[in-house]
Every structure is written in C-alpha cells, then in structure tokens.
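1. all I have is the shape, not the residue letters:
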C-alpha cells in the first residue's frame, strides 16, 4: 500500500467518523459528547434546549466532513481557501451559539424600549 492510499484511507476514515457523529447528533442525541455541557450541574443543563443544540452541532460536523473531503482534492489554493472559510464558519457558529439565548428553553424576555429619566441623563452626559 502506497503513501497516497494510506492518506486516502485516513482522511476517508476521519470524514466517515464525522459524518456518522453528525448524523447521530442531527437526531438530537449525543450531548454527552459536548465538552462543558456534560460537566454542568443538572439544573443548569435543564435550562438549555439540548436537542436543538445537538442538531446545530451535527450540522457543523457534517460541514467539517465535507470540508475535509473537499480540501483533499490536491489543489493548494483550495486548501487555503478551505481553511479560511472553515475558520470564518467556526467563528460565525460560535457567535451564533453564544448570543441571543438561541438554545435556552425560555429565551430571555425582551427589555422594554422605555427608558427612565436617569438612563436618558446618563446617555446625554456621555456624549
């Protein structure tokens, strides 16, 4: 077996593993695999919609598997473009997951648009 075949088997195995994990998590299962979630106290875990979070992570894993297969095509420029796009996607996913309470069972109540007189004074004194 040559070096090229061994590389293809390793990359294919990793991609297959990511596809299988992604499909498992798309079913809303597998939260025990998420670092940090399984170490939270039970009361804290109950605040989150874990099936929705698992489905989101499953989509990320499928995208990662596609990325791994895509960059292995052999073109150097495709590798660098793929790394850049992957980093942008991971950054966007982290921002999406950590803002807006999207995975909370009860999203935080929206604040009333009315401001008190003290808040208005504070805003005007800052400018």
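-> Sure thing, it's come through. Because the structure is a prediction, the values reported are computed rather than measured.
2. now do the buried residues in stretch 26-37.
-> Of the residues in stretch 26-37, 26, 30-31, 37 count as buried by neighbour count, 16 or more other CB atoms under 10 Å. C-betas here are computed from N, CA, C, even on glycine.
3. just give me how far that stretch sits from the chain centre.
-> Centroid separation for stretch 26-37 versus its chain: 12 Å, with CA atoms, centre = their mean, to the nearest Å.
4. and stretch 50-65, by the same measure?
-> That offset, for stretch 50-65, works out to 7 Å (CA atoms, centre = their mean).
5. contacts for it, please.
-> 15-16, 18-19, 21-31, 34, 37, 86, 89-90, 93, 97, 102-103 (CB atoms under 8 Å, 6 or more residues apart in numbering).
6. about what we covered before: just the ones in helices from the buried residues of stretch 26-37, please.
-> Among these, DSSP state H puts residue 26 in helices.
7. the buried residues of stretch 26-37 into CSV, with extra columns for distance to residue 59 and pLDDT?
-> As requested, those are exported to CSV (distance: CB to CB, whole Å; pLDDT from 0 to 100):
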residue, distance to residue 59, pLDDT
26, 7, 94
30, 13, 87
31, 15, 86
37, 17, 84
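8. need the buried residues of stretch 26-37 in TSV with distance to residue 50, can you?
-> Output for the buried residues of stretch 26-37, formatted as TSV (distance: CB to CB, whole Å):
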residue	distance to residue 50
26	13
30	9
31	5
37	7
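9. could you report the distance from residue 27 to residue 21?
-> As judged by CB to CB, to the nearest Å, residue 27 and residue 21 stand 11 Å apart.
10. what's the burial count for the closest residue to residue 28 other than its chain neighbours?
-> Spatial nearest neighbour of residue 28, chain neighbours left out: residue 51 (3.2 Å); criterion: CB to CB, 6 or more residues apart in numbering. Residues lying near residue 51 (other CB atoms under 10 Å) number 16.
11. swap in residue 11?
-> Applying other CB under 10 Å, we find 14 other residues in the vicinity of residue 11.
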